[in-house]
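A.B. asks: Got a predicted model here, sequence first, then my questions.
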Amino acid sequence: MTDFKREGSHLASFPPEEKWDDWEEYDPAAWPRRVKKRYSLVPTICFNCESACGLLAYVDKETGQIEKFEGNPKHPASRGRLCAKGPATITQIHDPDRILYPMKRSGPRGGGQWTRTSWDEVLETFGARIRKAFQENRGEEVMYHVGRPGHDFIMERTLQAWGIDGHNSHTNVCSSSARLGYMLWHYADRPSPDHANARFILLLSAHLESGHYFNPHAQRIIEGKMAGAKLAVMDPRLSNTASMADYWMPSYPGTEAAVLLAMAMVILGENRFDAAFVKNWTNWEELEVDGFSSKGQSFDAMIAALKRHYAKYTPEFAEKESGVKAEVIVKTAREIAEAGSRFASHLWRGSSSGNLGGWQTARALVLLHALTGSVGTPGGHNLHAWNKFVPRPYKNPPPQKRWSELLYPQEWPMAMHEMSPLLPHFLKEGRGRIEAYFTRVFNPVWTYPDGFSWIEMLRDEEKVGLHAALTPTWSETAWFADYVLPMGFSSERHDLMSQESYAGKWIGFRQPVLRVLQEREGKKFDYTYQANPGEVWEEDEFWINLSWAIDPDGSMGIRQWFESPYRAGQKLTVDEYYGWMFENSVPGLPEAAAKEGLKPLEYMRKYGAYEVTKDVYRLNEKQVAPADLAGSSVETNGVVTKNGKAVGVMVEGEAVVGYGTPSRKLELFSKTMADWKWPEFALPEYYRSHIHKSAQAASLKKTAENSGSSSESDFDPGYAPRVEWPKDAKGEVFTLLPIFRLPHLIHTRSGNSKFLYEIAHKNPLWVNPTDAQRLGGIRTGDLIKVHTEIGFFVLHAWVTEGLAPGVVACSHHMGRWRLNKEDHVERMSSAWVDLKEVGKGQWKMRQTSGVQPYETSDPDTKRVWWSDAGVHQNLTFPVHPDPVTGMHCWHQMVRVERASADDRYGDIFVDTNLSFAVYQRWKALTRPAPGPGGLRRPLWIPRVHRPEEAAFYMPAEMPSEKE
Ligand code: SF4
């Protein structure tokens, strides 16, 4: 037996920070010999999801190479723990197929011919092109489109410095529906649940294994559970998260709001709600419902009206809609009421992202928090803005004056984020063009619905003048770019991040590990790409240099924002950008650094993270600052205003800051929804989704008419677009859940991780055994064909009881493909395909081969034993923009049949003419701007990259109603 004590060794969870500069441990590869290795440990931040967990890079002192990544114990959110994707960073940085140099297209777009170019040439080309567009007043033709942000604020600042409305994001295929539901309640567009202190946790997502901020949250959910909290999971799929729950509620997709409102009705009906909280902290005095108005009425009269209104949401009704047993609904509602202020929950994608009207699920969920008084409390539902800290740089440009209709078109005035999934259709309709397009860690051809419409857009040089894909890996989208610009992974770049992980605030500092280490040893670099592998760069330095290239002499007013705060007129460095913020914008950091004899930047480079504050609760109860109170007045509804702007609200005789909503209270009743033409949605409600069973039945009735409700029920939205099947359509109708995640995969970037792809590389169709029988005795491994509204895909079945009947499911992580066998592609994760346009807008894809072993500098690539890369289902989905939020409603009504002898695994067919027609049908459901006062959008609802207030008003010449 090893005597570690005798050897002077010890067992510890983490290397103590005083030994990070010279850490010694045994080399596991040398086992059973005891060979010591010495490392420098450098903290950075994981870039593989938005949780921003802390990594420690282990740099071998002998070779100067990074050997592995482990958790950073000094990071307050992740606390030294990581999911599989954190340590897998090592395989991404050493992947032999990664892009190492800037590449320029040398043949036709999409032709796959590339030559190496220089960063100087890239900056010159884009600088000149953008400068010309700005000089010709075509700023809207410059667009930045982000997939994985991984930073806070720097891009908004850059685009505002350029004076353009050019920020596009992926959020409308991700989370924007839930965001509107949360926003309408309390201005913050997402929750920060205090899981660790909760008594009851309700998750409407696979949050423990793969949800938003999941590693930092998962460890706290388990802490809460170990301290006695009950866990309930509402998910049609028996996820790993559901398997850990006390209650698994396999709700039929899109019916979750019915279950939540039935729970609310139990709490209301049994008078288990927190009356004092509801009275003080909701805008109940504004409630107008079913002819009842709260004005001049008592609180009790309002509660009676609310009970009358919600009486239809009985547990039995919810059971009929959702399949969740009425007694489970009653039992969990009572347990939630019992948990009271210690009730935490989370909803992010899932129900809200899958369904027409999915945003109402978030509203119905927060109703439970309002009733239990669990908003802002220990163990309750906090606001993300209370737990996220974004320091401000040394100077900030003013907001842009323009409004881009390609981003926020008038049809969707309530869209929480840019209408990015519709970009190809907008360009097809002639709404604009793009002169310079930057896709950044973004692969819409693969991650978005309707990928062939994206290909049609990207290859059209009239529509997209010049396209640079800023990406760490080759991707389906990069293939159609003009330039492919290699950007760094977690240990190759600077970024500052903060997330709402718990009831505190922190910042995490991502840094280029090899540059930082070598600079410590006295070496000097002008740019990070000089220290990174090949010429892999980082965005911060790229944008600073591009801004100088656009405005070399400063005459356009752009360069000033990228000049040093310390050296007048000189180019800003990354050290100066972050150093200034750490010195001036992070409370307590300079003092914490001084205690160790460090400058704030040195402190952040040493530890990689800093906790700004902890135990943040009930910020709504904070008193209005005396400076804001002086000269303020109180409106009749109790809102405290100063110079026409709300600064607080009167609660129990005290002026407190409240929430950021118009009433400064939690808005049970949304006057905004009523004013913006959606009066039927002024309260949290349940309406049937586009994939509800009644809509499935209606789709089977052969009719040319495509609009109108599918039944007379109160719960139909009255406008769900009907799916039109071709006359000879075959197969059984199902709802397809296409958006569940696998815990160890990301999106595009896991494609170059051999560790992660070895763990998972298939996405079969989950089918319940009763449905498998209905389909003629389908068995696991059988080939089946799934028809959508615009095409089909062919894949294997996986027969499982882990899914509610009537529903089929397929993970969205798989189905990577490549058009070239081996050059400029990612071979670890993709099938080599043959892609043909067989008619105008008609696309056919067939796999030539799956994944195969291949020779590279890494011997592991010869050992690849899997051949399956999955099937790319997203290509066959049309866009479904929710008429309110604009969110793509991911769930699909599909027809499933056994594949025929002509079908092969991975076959895909799509008709983009049909996808354009589906887009038109959904667009027809919208209720366009202007809203009150000629506004394009409610002023109080934020935009990520917010223009000045004047831009919120529609110009007189703009058509005010849709054609
Ligand atoms: S949850 Fe996993 S992928 Fe996300 S930041 Fe943390 S370690 Fe990285």
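C.D. replies: Arrived safely. Residues are numbered from 1 along each chain as shown.

A.B. asks: What residues does Arg402 make contact with?
C.D. replies: 139-140, 163-165, 947, 951 (Cβ atoms under 8 Å, 6 or more residues apart in numbering). C-beta coordinates here come from the backbone N, C-alpha and C atoms, glycine included.

A.B. asks: And it, its phi and psi?
C.D. replies: Note on Arg402: its backbone torsions stand at phi -100, psi 160 [degrees, to the nearest 10].

A.B. asks: do you know how far it is from Val647?
C.D. replies: Going from Arg402 to Val647 by Cβ to Cβ, to the nearest Å gives 29 Å.

A.B. asks: so which residue of the stretch 351-500 of the chain comes closest to the ligand?
C.D. replies: Nearest to the ligand in the stretch 351-500 of the chain, going by Cβ to the nearest ligand atom, is Ser490, at a distance of 7.9 Å.

A.B. asks: now that residue, nearest residue through space, not along the chain?
C.D. replies: Nearest residue to Ser490, sequence neighbours excluded (Cβ to Cβ, 6 or more residues apart in numbering): Phe47, at 4.2 Å.

A.B. asks: correct me, but that neighbour touches Gly150?
C.D. replies: Yes. Contact status for Phe47 versus Gly150: in contact at 5.2 Å, counting by Cβ atoms under 8 Å.

A.B. asks: Give me the common contacts of the two.
C.D. replies: Among the neighbours of Phe47, those also in contact with Gly150 (Cβ under 8 Å, 6+ apart) are 495, 510.

A.B. asks: neighbour-wise, which of those two wins?
C.D. replies: Phe47 (29 against 23; other Cβ atoms under 10 Å).

A.B. asks: contacting residues for the more buried one?
C.D. replies: Taking Cβ under 8 Å, 6+ apart as the criterion, Phe47 is in contact with 89, 148, 150, 489-490, 493, 495, 510, 749.

A.B. asks: These in strands, which ones?
C.D. replies: 495, 510 (DSSP state E).

A.B. asks: Among the contacts of Phe47, find me the one that's closest to Pro108.
C.D. replies: Arg749 (27.3 Å; Cβ to Cβ).

A.B. asks: In the stretch 501-650 of the chain, which residue sits nearest the ligand?
C.D. replies: Gly508 (9.4 Å).

A.B. asks: And the stretch 251-400 of the chain, by the same measure?
C.D. replies: For the stretch 251-400 of the chain, Cβ to the nearest ligand atom, closest residue to the ligand: Trp348, 13.7 Å.

A.B. asks: Any figure for the gap between the closest residue to the ligand within the stretch 701-850 of the chain and Trp454?
C.D. replies: As assessed by Cβ to the nearest ligand atom, the ligand sits closest to Ile746 within the stretch 701-850 of the chain, at 6.8 Å. Per Cβ to Cβ, Ile746 is found 20 Å from Trp454.

A.B. asks: And for Gly379?
C.D. replies: Computed as Cβ to Cβ, the Gly379 to Trp454 distance reads 44 Å.

A.B. asks: Repeat that for Ser374.
C.D. replies: 42 Å.

A.B. asks: and what of Ile329?
C.D. replies: Ile329 is 42 Å from Trp454, by Cβ to Cβ.

A.B. asks: Neighbour count for the two, which is higher?
C.D. replies: Neighbours were counted for Ile329 and for Trp454 using other Cβ under 10 Å; Ile329 has more, 27 against 24.

A.B. asks: A helix includes that one, no?
C.D. replies: Yes. If the criterion is DSSP: H, G, I helix; E, B strand; the rest coil, then Ile329 is within a helix.

A.B. asks: what's the burial count for the residue lying closest to it once chain neighbours are set aside?
C.D. replies: Closest residue to Ile329 apart from its sequence neighbours, by Cβ to Cβ, 6+ apart: Pro315 at 4.3 Å. For Pro315, the count of nearby residues is 22 (other Cβ under 10 Å).

A.B. asks: Any figure for the gap between Pro315 and Ala245?
C.D. replies: Pro315 is 19 Å from Ala245, where distance means Cβ to Cβ.

A.B. asks: Look at Gly886 and give its secondary structure.
C.D. replies: Secondary structure, three-state DSSP: Gly886 is coil.

A.B. asks: got the contact list for it?
C.D. replies: Listed by Cβ under 8 Å, 6+ apart, the contact set of Gly886 reads 172, 176, 412, 414-417, 419.

A.B. asks: Narrow these to those in helices?
C.D. replies: Among the contacts of Gly886, the members found in helices (DSSP state H) are Ser176.
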